[in-house]
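K.L.:
following is a predicted model, sequence given first.
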Amino acid sequence: MRTGAASLLGLLKSVLHRLYEYFALWFGLALLGAISLTWSTLSVPLYHVLPRRWATPLGRWAIASGFRIYLGALSAIGACRFDLSALDALRDEGPLIIAPNHPCLLDALMVLSRLPRMACIMKADIVDNVFLGAGARLAGYIRNDAQLSMIRQAVAELQNGSHLLLFPEGTRTRRWPVNPCTGTTGLIAARARVPVQTVLIETDSAYLSKGWPLFRRPAMPITYRVRLGRRFEPPEKAGPFTEELERYFVDALREAPHFLLPDAPPASEPVRPRLT
């Protein structure tokens, strides 16, 4: 009888926890949608009324505040555990390229929530999105669909003293521990003559990683930890710098929790240093 009662109690706890996870999933998505749509609606008139020197810092502060509220709510209901405090050391720094690895869709939200004067290079379809587009335009975020214009705008932002959020992988990680890095980070850093501060994001869940369906329930709580990595001086040439950056991410994340989906392609051989 005792064994049967214990089994029944265990089953009940499992069912209740699963129901909680569904609640937390839908609550989080609804809250993010409400925050984003509300600010997007307010951003439309502000974009046309405010001068750019006021609109841009207001837009960036509002996005940082909204994402901080959202992440705080996920923590409050026990859905996620965030350790983002390492980013606070960058808040008063001069112009930097902030270059994180990219395990999931929440990466940009986590970084932006802590650094309120951040410019951001975004996919063009996100800038055109009804939930995020107007707020992104008010904040002066940069579209990635015209490379020369993107680079010019990014360099101008850095020369004006902003931070720039740029994911060297270009998209969410699909090859453990990082995708091949693109040359954009090195090219912008070389032209703007600013350092590249790497940021290492670690998580124990594949939630919202590449290929994860938006409405698929993850196991909760999910843990996210952000730590500062190596800071690279402005490179002379983008090509060798890109190779060095990728090698660094491979080495720094080698022992991180493996979060990729089961159907992800097998890991490639780590990038090897060139022999001289």
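P.N.:
Everything's here; your move. Numbers count the residues shown, from 1 in each chain.
K.L.:
assumed residue 15 was part of a helix.
P.N.:
Yes - Residue 15 sits within a helix when classified using DSSP: H, G, I helix; E, B strand; the rest coil.
K.L.:
so it versus residue 222, what's the distance?
P.N.:
20 Å (C-beta to C-beta, to the nearest Å). The C-beta positions use only the backbone N, C-alpha and C, and glycine is treated the same way.
K.L.:
rounded mean pLDDT for the top strand by length along the chain, please.
P.N.:
What stands out as the longest strand in the chain, according to DSSP state E, is strand 222-232. Mean pLDDT, strand 222-232: 97.
K.L.:
now do it: everything it contacts.
P.N.:
Strand 222-232 is contacted from outside by 79-84, 86-87, 89-90, 100, 106, 110-111, 189, 195-205, 207, 241, 244-245, 248-249, 252, using C-beta atoms under 8 Å, 6 or more residues apart in numbering.
K.L.:
show me what counts as buried in it.
P.N.:
222, 224-226, 229, 232 (16 or more other C-beta atoms under 10 Å).
K.L.:
now, which of those sits nearest residue 156?
P.N.:
residue 232 (21.1 Å; C-beta to C-beta).
K.L.:
gap between that closest one and residue 198?
P.N.:
Residue 232 is 7 Å from residue 198, by C-beta to C-beta.
K.L.:
likewise residue 180?
P.N.:
For residue 180 relative to residue 198 (C-beta to C-beta), the value is 16 Å.
K.L.:
give me the more crowded residue out of the two.
P.N.:
Each of residue 180 and residue 198 has its neighbours counted (other C-beta atoms under 10 Å); residue 198 has more, 21 against 13.
K.L.:
SS state for that one?
P.N.:
Secondary structure state of residue 198, per three-state DSSP, is strand.
K.L.:
tell me the contacts of it?
P.N.:
Counting by C-beta under 8 Å, 6+ apart, residue 198 has contacts 99-100, 228-232, 245, 248-249, 252.
K.L.:
likewise for residue 194?
P.N.:
94-97, 158, 234.
K.L.:
from residue 186, how far off is it?
P.N.:
From residue 194 to residue 186 the distance is 12 Å (C-beta to C-beta).
K.L.:
same check on residue 150?
P.N.:
14 Å.
K.L.:
quick one: mean pLDDT over stretch 31-41.
P.N.:
96.
K.L.:
now do stretch 80-96
P.N.:
Mean predicted confidence for stretch 80-96 is 97.
K.L.:
rewinding a little: what do residue 194 and residue 186 both touch?
P.N.:
Counting by C-beta under 8 Å, 6+ apart, residue 194 and residue 186 have no contacts in common.
K.L.:
ranges for the helices of the stretch 1-150 of the chain?
P.N.:
Secondary structure of the stretch 1-150 of the chain (DSSP state H, counting those that start in this stretch): helices at 2-49, 52-76, 107-114, 124-127, 133-138, 147-159.
K.L.:
over to the stretch 151-276 of the chain?
P.N.:
184-192, 238-252.
K.L.:
save those as TSV, and put in distance to residue 20, mean pLDDT and mean neighbour count too.
P.N.:
Shown next, in TSV, are these (distance: least, C-beta to C-beta, whole Å; pLDDT from 0 to 100; neighbours: other C-beta atoms under 10 Å):
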stretch	distance to residue 20	mean pLDDT	mean neighbour count
helix 184-192	40	97	22
helix 238-252	34	96	18
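K.L.:
distance to residue 176 for those helices - can I get that in a markdown table?
P.N.:
Formatted as a markdown table, the helices of the stretch 151-276 of the chain follow (distance: least, C-beta to C-beta, whole Å):
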| stretch | distance to residue 176 |
| --- | --- |
| helix 184-192 | 20 |
| helix 238-252 | 9 |
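K.L.:
closest to residue 175 out of those helices?
P.N.:
Residue 175 sits nearest to helix 238-252 of all those, at 10.1 Å, using C-beta to C-beta.
K.L.:
quick one: that closest one to chain centroid distance?
P.N.:
Helix 238-252 sits 19 Å away from the centroid of its parent chain (C-alpha atoms, centre = their mean, to the nearest Å).
K.L.:
wait, which of the contacts of residue 198 is closest to residue 37?
P.N.:
residue 100 (26.1 Å).
K.L.:
which strand residues bridge that closest one?
P.N.:
Beta bridges link residue 100 to residue 199, judged by DSSP bridges.
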